[in-house]
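Asks: sequence unknown, structure follows:
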């Protein structure tokens, strides 16, 4: 009998529920939506770094914890996650849906709702000249 421990993918936990009281005391407004010198939001930079670390480990999903009432932040993190899945899967919607554990139709509906577009497709304003 094999006594080796079972192998499970490593999941990432992004804790984005703090109030940033020390940040506010130093004159900032909202630490999570503050911009880094390159213009990236702190919360998105954190998500990207966590995803990169998990990818190196062949890890699993990122679970983000946000404060109740921060629907804006939750939506931002979700849309970034879906966009990253599309990039990982060479913009293949079916593979990206599977990667995120969703049905293709639901994934497409969320892409439409959050205005995530694939360049060069019919729903991309850049491909039609609209903006």
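Replies: That came through, no problem. Owing to the predicted nature of the structure, the values given are computational and were not obtained by experimental measurement.
Asks: so where do the helices sit in this structure?
Replies: For the chain, the helices defined by DSSP state H occupy 21-25, 42-56, 71-88, 93-99, 104-113, 125-128.
Asks: out of the ones you listed, flag the one nearest residue 10.
Replies: helix 42-56 (6.4 Å; C-beta to C-beta). Any C-beta I mention is one placed from the backbone N, CA and C, and that applies to glycine too.
Asks: avg pLDDT for that closest one?
Replies: On average, the pLDDT along helix 42-56 is 86.
Asks: between it and helix 71-88, how many degrees?
Replies: Counting by axes from the mean of the first three to the mean of the last three C-alpha atoms, to 10 degrees, helix 42-56 lies at 40 degrees to helix 71-88.
Asks: contact partners of helix 42-56?
Replies: Contacting residues not belonging to helix 42-56 are listed as 10-12, 14, 16, 31-36, 40, 59-60, 62, 64, 73, 76-77, 80-81, 84 [C-beta atoms under 8 Å, 6 or more residues apart in numbering].
Asks: for stretch 67-75, same thing?
Replies: 16, 17, 18, 19, 32, 33, 43, 64, 66, 114.
Asks: the same query, at a cut-off of 6 Å, please.
Replies: Defining contact as C-beta atoms under 6 Å, 6 or more residues apart in numbering, one finds that stretch 67-75 is touched by 17, 66.
Asks: which residue is nearest the middle of this structure?
Replies: Centroid check for the chain by C-alpha atoms, centre = their mean gives residue 81 as the closest residue, at 2.4 Å.
Asks: count the residues that sit near the residue nearest to residue 34 when sequence neighbours are not counted.
Replies: Computed as C-beta to C-beta, 6 or more residues apart in numbering, the closest residue to residue 34 that is not its neighbour in sequence is residue 42, at 5.1 Å. Neighbour count for residue 42, taken as other C-beta atoms under 10 Å: 18.
Asks: equivalent analysis for the one 10 residues further on, please.
Replies: Number of residues near residue 52 (other C-beta under 10 Å) recorded here: 10.
Asks: residue 44 too?
Replies: 16.
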